[in-house]
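Undergrad: Structure here, sequence nowhere to be found:
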């Protein structure tokens, strides 16, 4: 059975996807049938440096190399061949943020991640001038805030990109970005002549704002600084000799592979779940949590809770992005694991999570008198520039494990629901949601609570088992295939046909319970504001 994968690898027909997520860098090698042949990953963590969330650039390459090396080792062990040639390659990463490069492609300031919310003045000015919701984490917001703050590095700025665009640029020499990730740098016009591109009128308006705020002698031509926009299926360069050595310092991996447009993790999540056609959507739950809903047409009104982005093919998407996802759940699970160990009953992380999550199914449907806020960082949807994790309950409320855990899971989905209510008010239609991320690993638990939170069927399945890195490999395979059809058709007919999917319908009692919880949650937001002000 190993002969066909071995031949695909030795003949250079296997495709590699690499994704730099918020806690893991993962690489996945897929064969001609999109099956996973090998996978590898490396852990990393963001750091708060001088008040900004960042990752060290050395950690970018250390993690990418470790993940690719793990794939090569797995290939050699399983198929007894080296990983020398690739049929295609794609890179994705945490979307948005700020990667400022000089003329020698060196970082001018540490990478500023999506998690930073210190761009309030820029967001207010840009959103008003462009008549478009510009979120705190978007690249143009970071750039304009740097202009307003008079940052010294701007005089040497030669290129602006995202993390995926930076890695792609180092691997190929091309300054290009997939339209999905590009739409988180600057507003995109999906219907522009010649295909999706930056909105020309809004680009001119932003340029005027920037020019007015710059000191004499400094020029920042936005159209030249931003990457070229490409759509799924396009070629976006080839792996250079320097790029191959960056991926594999041993020199075994050869240059020449086709490289598809780099994308953000939101785009790869859409691909991995097959959610790229209108009226489809997906929820990705990790360090952050966000929902992507592919629209049938533009929204009627600008909403600060909704980001207008696109699929990797350029179709309009409403995105509800919440900075705070499952990290607080991880922290509580770690505390319970420590307690179990102190009792002399140590358990691995998966057992602890499953035990706690399953307990939540027996909790009060409305979370009793308990409330929780999972805000480790700011949360723009609810108006918080900073966050403080909180748990509180009404005096006299029973404190039991089941309801406590249901409260924590409800908290992880509460801010998402606030944004989804805004989208529902626009009349956007959704046939169902696909959910993916580690929080859904315990079968049927978080899936059921999310169905209650959104009031819509929620599906999970093995199609997203390898996550965004697999989705990125699929995008690379799509580009390498030269297929004439749409990305949606390619996914439905050649990638996801026959996939095992399980769907949970919303339970009426759970829906009513979550609605009651959310009313208390919104009413208690002043407590979160007070905690930030007082600590």
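TA: Right, received. Where do you want to start? Note that the structure is a prediction, hence the values are computed from the model and not measured. Numbers count the residues shown, from 1 in each chain.

Undergrad: Only C-alpha atoms from now on, for both contacts and neighbour counts.
TA: Fine.

Undergrad: Tell me who's in contact with residue 304.
TA: 133-135, 381 (Cα atoms under 8 Å, 6 or more residues apart in numbering).

Undergrad: Repeat that for residue 391.
TA: Residue 391 sits next to 370-373 when contact means Cα under 8 Å, 6+ apart.

Undergrad: where exactly do the helices run in the stretch 51-200 of the chain?
TA: Taking DSSP state H, counting those that start in this stretch, the helices of the stretch 51-200 of the chain run over residues 57-79, 120-130, 139-148, 163-172, 179-182, 200-213.

Undergrad: so which of those helices gets nearest residue 519?
TA: helix 120-130 (27.2 Å; Cα to Cα).

Undergrad: what's that closest one packed up against?
TA: Taking 3 or more Cα pairs under 8 Å, 6 or more residues apart in numbering; DSSP states H and E as contact, the helices and strands that helix 120-130 lies on are helix 139-148, helix 200-213.

Undergrad: and among the ones you listed, the most buried is which?
TA: Greatest average neighbour count among the helices and strands packed on helix 120-130 goes to helix 139-148 (a mean of 24), per mean count of other Cα atoms under 10 Å.

Undergrad: Out of the contacts of residue 304, which is nearest to residue 86?
TA: Proximity to residue 86 was ranked across the contacts of residue 304 by Cα to Cα; first place goes to residue 135, at 37.0 Å.

Undergrad: okay, now that closest one: neighbour count?
TA: Here the count is done by other Cα atoms under 10 Å, and residue 135 has 30 residues near it.

Undergrad: Quick check: chain neighbours aside, which residue is closest to it?
TA: Closest residue to residue 135 apart from its sequence neighbours, by Cα to Cα, 6 or more residues apart in numbering: residue 123 at 6.4 Å.

Undergrad: Could you do residue 252 as well?
TA: If the residues on either side of it in the chain are set aside, residue 252 comes closest to residue 84, at 5.5 Å by Cα to Cα, 6+ apart.

Undergrad: and if you look at residue 160?
TA: Counting by Cα to Cα, 6+ apart, residue 160 lies nearest to residue 100, which is 4.9 Å off, once chain neighbours are set aside.

Undergrad: Do I have it right that that neighbour meets residue 156?
TA: No. Assessed by Cα atoms under 8 Å, residue 100 is found out of contact with residue 156, at 9.3 Å.

Undergrad: one step back: the residue nearest to residue 135 and residue 193: what is the separation?
TA: Note on residue 123: its distance to residue 193, by Cα to Cα, to the nearest Å, is 28 Å.

Undergrad: ok, those two, which is more surrounded?
TA: Neighbour count, other Cα under 10 Å: between residue 123 and residue 193, residue 123 has more, with 24 against 8.

Undergrad: OK, contacts around the more buried one?
TA: Residue 123 makes contact with 134-136, 141, according to Cα under 8 Å, 6+ apart.

Undergrad: mind putting those residues in JSON lines, distance to residue 172 and pLDDT included?
TA: Listed next are the contacts of residue 123 as JSON lines, based on distance: Cα to Cα, whole Å; pLDDT from 0 to 100:
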{"residue": "134", "distance to residue 172": "30", "pLDDT": "95"}
{"residue": "135", "distance to residue 172": "29", "pLDDT": "91"}
{"residue": "136", "distance to residue 172": "29", "pLDDT": "91"}
{"residue": "141", "distance to residue 172": "27", "pLDDT": "98"}
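
Undergrad: Looking at the residues you listed, spot the one nearest residue 46.
TA: residue 136 (17.9 Å).

Undergrad: quick one: that closest one and residue 115, what's the gap?
TA: Residue 136 sits 9 Å away from residue 115 when distances are taken as Cα to Cα.

Undergrad: same thing with residue 443?
TA: 29 Å.

Undergrad: Which one's more surrounded, those two?
TA: Using other Cα under 10 Å as the criterion, residue 443 and residue 115 rank with residue 115 on top: 24 against 14.

Undergrad: doesn't residue 376 make contact with the more buried one?
TA: No. Between residue 115 and residue 376 there is no contact under Cα under 8 Å: 10.2 Å.

Undergrad: Do a quick rundown of the strands in the stretch 201-350 of the chain.
TA: Assigned by DSSP state E, counting those that start in this stretch, the strands in the stretch 201-350 of the chain fall at 228-230, 263-264, 281-285, 289-294, 307-310, 316-322.

Undergrad: and the third one, what does it pack onto?
TA: With contacts taken as 3+ Cα pairs under 8 Å, 6+ apart, strand 281-285 sits against helix 265-272, strand 289-294, strand 433-436.

Undergrad: Mind doing that once more with 6 Å?
TA: Applying 3 or more Cα pairs under 6 Å, 6 or more residues apart in numbering; DSSP states H and E, one finds that strand 281-285 contacts strand 289-294, strand 433-436.

Undergrad: could those go into JSON lines alongside mean pLDDT, mean neighbour count and distance to residue 244?
TA: As requested, the helices and strands packed on strand 281-285 are arranged in JSON lines below (pLDDT from 0 to 100; neighbours: other Cα atoms under 10 Å; distance: least, Cα to Cα, whole Å):
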{"stretch": "strand 289-294", "mean pLDDT": "93", "mean neighbour count": "26", "distance to residue 244": "33"}
{"stretch": "strand 433-436", "mean pLDDT": "90", "mean neighbour count": "26", "distance to residue 244": "31"}
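
Undergrad: could the ones you listed go into CSV alongside distance to residue 282?
TA: Converted to CSV, those look like this (distance: least, Cα to Cα, whole Å):
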stretch, distance to residue 282
strand 289-294, 5
strand 433-436, 4
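
Undergrad: Which one of the ones you listed lies nearest to residue 221?
TA: Comparing the helices and strands packed on strand 281-285 by Cα to Cα, strand 289-294 comes nearest, at 31.1 Å.

Undergrad: still on that earlier bit, residue 100 and residue 156: which has the busier surroundings?
TA: residue 100 (27 against 15).

Undergrad: Am I right that the more buried one is in contact with residue 163?
TA: No. In this structure residue 100 lies outside contact range of residue 163 using Cα atoms under 6 Å: 10.1 Å.
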